[in-house]
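> please find the sequence and the predicted model below.
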Amino acid sequence: MQKNKYNVAVVGVGAVGEEMLRVLAQRKFPVGNLRVFARSAREINVDNKKYSVEAISNDAFAGINIALFAGTEGEKGAAVTYGSEAVKRGAVVIDNGRDFRMDPNVPLIVPEVNAQEIKKHKGIIANPNCTTIQFVVAINPIYKKAGIDRLILCSYQAASGAGRSAVEQLQNEYRVWANGSQEEVPKGLPQKIAFNVFPQVGSFAQDDYTEEEWKTVHEAHKILGDDKIKISSTTVRVSVKTGHSQAIYLETKKHISPEAVKDILSKAPGVKLVDDPKNNLYPMPLDVEGRDEVFVGRVRRDPFVKNGLWLWVVADNLRKGAATNAVQIAEELIK
C-alpha cells in the first residue's frame, strides 16, 4: 500500500461492478493498486478505459485493503464464497449483495444516515438495497426532526435494478415493437416490460409481499435503529432504464409543515430538493441518471390527516442505490 493510498478490489463486472469502477474514478478515491475480479479473466472497457479482469480466487485478495463486492440481488453473491477469505487476508469487505444485510454482526450503512455504525465492523460492511438507500436518505432528516409513526412506500423501479439482462429485455422489446417484428425476446424479468408496469420486484414471500418489499421494512428498521416505525411497501417494475421513483406517505409523531420539511431537506446531506410544481419541476428518472444525490419533490400535506405528508423521491439506482453508496462507505472507512 502506498502512503495514503489503498489497494482496492472490485468483484463483479455487471452493471453495478462497472458503475463502481466509474464512481471510484469520478470521486478520485485514493486508489493505490486497483484489481478487478470476476468468474473468468477478460478485458472490459468502461468510459474508454481498459480494465484487465482477473479470475477470482482466495489468494487474489492478498494485499487488498478494501474489497467492493458488486453483489447480485436475489441470489447468493460472491461475498458468501470469498468475503471471509478476503477478510482473513486483511481486506475490509463492502458487500452490495443481500447476504449480510440483516446479520446482527454486520453494519448496514447509508453514510448520510448512520456513518457512526461503520466502526463496529468486523471485516464486512453491508450496502443496503437500492430501494432502501434512497428512501432512508430522504426521510431521515424528517425522522430526526419530527419522528415517524407510519410510512407507506410505493416504489416504481427501473429495469436496471434487475441487472443487465433486464435492460436488454427492455431495449429489445422496444426494438422489436418499432420494427413490427414477431421476434421472441429473451427475458430477464418475469413479465414483458416495454409499455408495461407490473407489481412484482423479487419473489413473493410472507403475506404475499415480495422479498423487495420486506427488504424496505427490515433494512430501514436496522439503519434507523427503530423497529417501531410501521412500514408497508409496494414495489413495481416500470418501463424505465435507470432511476427508481418513489411515492412516500409519512405520518409523523410531531406536526411539521410542508414548508419546514422543504427547508430541512434543502439543507440535508445527499438530498437535492426539486419542488416547483407550478412550473412543472419535480424529480424524474431522466434527470437523475448519472447523479449521486437523492432528489425530492412534491412535498405536500395530507388534507385529511393532521400529521400526514407526501414526498416524491427519485435516485439513480446504480449509483446512489448501489455503487456510489459503497464507495462513500469506503470514503468514511479511510477517514
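Happy to help now that I have it.
> C-alpha from now on. contacts and neighbour counts both.
Noted.
> what about the strands in the stretch 51-200 of the chain?
Ranges of strands within the stretch 51-200 of the chain are 66-69, 92-95, 124-126, 148-157, 197-198, based on DSSP state E, counting those that start in this stretch.
> what comes up buried for the second one?
Using 16 or more other Cα atoms under 10 Å as the test for burial, strand 92-95 gives 92-95.
> model confidence over that strand, on average?
This predicted structure assigns strand 92-95 an average pLDDT of 98.
> can you tell me the strand partners of it and which way each runs?
strand 66-69 (parallel), strand 124-126 (parallel) (DSSP bridges).
> I'd like the ones you listed as TSV, with distance to residue 255 appended.
Formatted as TSV, these follow (distance: least, Cα to Cα, whole Å):
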stretch	distance to residue 255
strand 66-69	41
strand 124-126	34
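> looking at the buried residues of strand 92-95, which one is closest to residue 188?
Residue 188 has its nearest neighbour among the buried residues of strand 92-95 in residue 95, at 23.0 Å by Cα to Cα.
> thinking the closest one is in contact with residue 66, fair?
No. Counting by Cα atoms under 8 Å, residue 95 stays clear of residue 66, with 10.6 Å between them.
> would you map the helices across the stretch 201-335 of the chain?
Counting by DSSP state H, counting those that start in this stretch, the segments of the stretch 201-335 of the chain that form helices are 211-224, 258-266, 285-288, 324-333.
> in CSV: the ones you listed, plus mean pLDDT.
Compiled in CSV, those are given as follows (pLDDT from 0 to 100):
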stretch, mean pLDDT
helix 211-224, 97
helix 258-266, 98
helix 285-288, 97
helix 324-333, 98
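> how about the ones you listed, which one is nearest residue 57?
Nearest to residue 57, of the helices of the stretch 201-335 of the chain and by Cα to Cα, is helix 324-333 at 21.9 Å.
> for the closest one, name the packing helices and strands.
helix 15-26, strand 92-95, helix 111-114 (3 or more Cα pairs under 8 Å, 6 or more residues apart in numbering; DSSP states H and E).
> which outside residues touch it?
Residues from elsewhere that reach helix 324-333, judged by Cα atoms under 8 Å, 6 or more residues apart in numbering: 20, 23-24, 29, 66, 68, 94-96, 109-111, 115, 118-119, 127, 292, 318-319.
> which of those are buried? Put it as a PyMOL command.
Here is the PyMOL command that selects the buried residues among these (16+ other Cα under 10 Å):
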select buried, resi 20+23+24+29+66+68+94+95+96+109+110+111+115+118+127+292+318+319
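> before we move on, back to that, got the buried residues of strand 92-95 as a markdown table, with distance to residue 218 columns?
Shown next, in a markdown table, are the buried residues of strand 92-95 (distance: Cα to Cα, whole Å):
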| residue | distance to residue 218 |
| --- | --- |
| 92 | 24 |
| 93 | 22 |
| 94 | 19 |
| 95 | 17 |
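> which of the residues you listed lies closest to residue 182?
Nearest to residue 182 among the buried residues of strand 92-95, with distances taken as Cα to Cα, is residue 95, at 40.8 Å.
> would you mind measuring from residue 154 to residue 250?
12 Å (Cα to Cα, to the nearest Å).
> these two: who's more crowded?
A count of neighbours by other Cα atoms under 10 Å puts residue 250 above the other of residue 154 and residue 250, at 24 against 18.
> that one contacts residue 309, doesn't it?
Yes. Assessed by Cα under 8 Å, residue 250 is found in contact with residue 309 at 5.1 Å.
> how about the helices of the stretch 201-335 of the chain, which one is nearest residue 147?
It is, among the helices of the stretch 201-335 of the chain and with distance given as Cα to Cα, helix 211-224, at 11.0 Å.
> what angle separates that closest one from strand 148-157?
140 degrees (axes from the mean of the first three to the mean of the last three Cα atoms, to 10 degrees).
> no further queries at this time; thank you.
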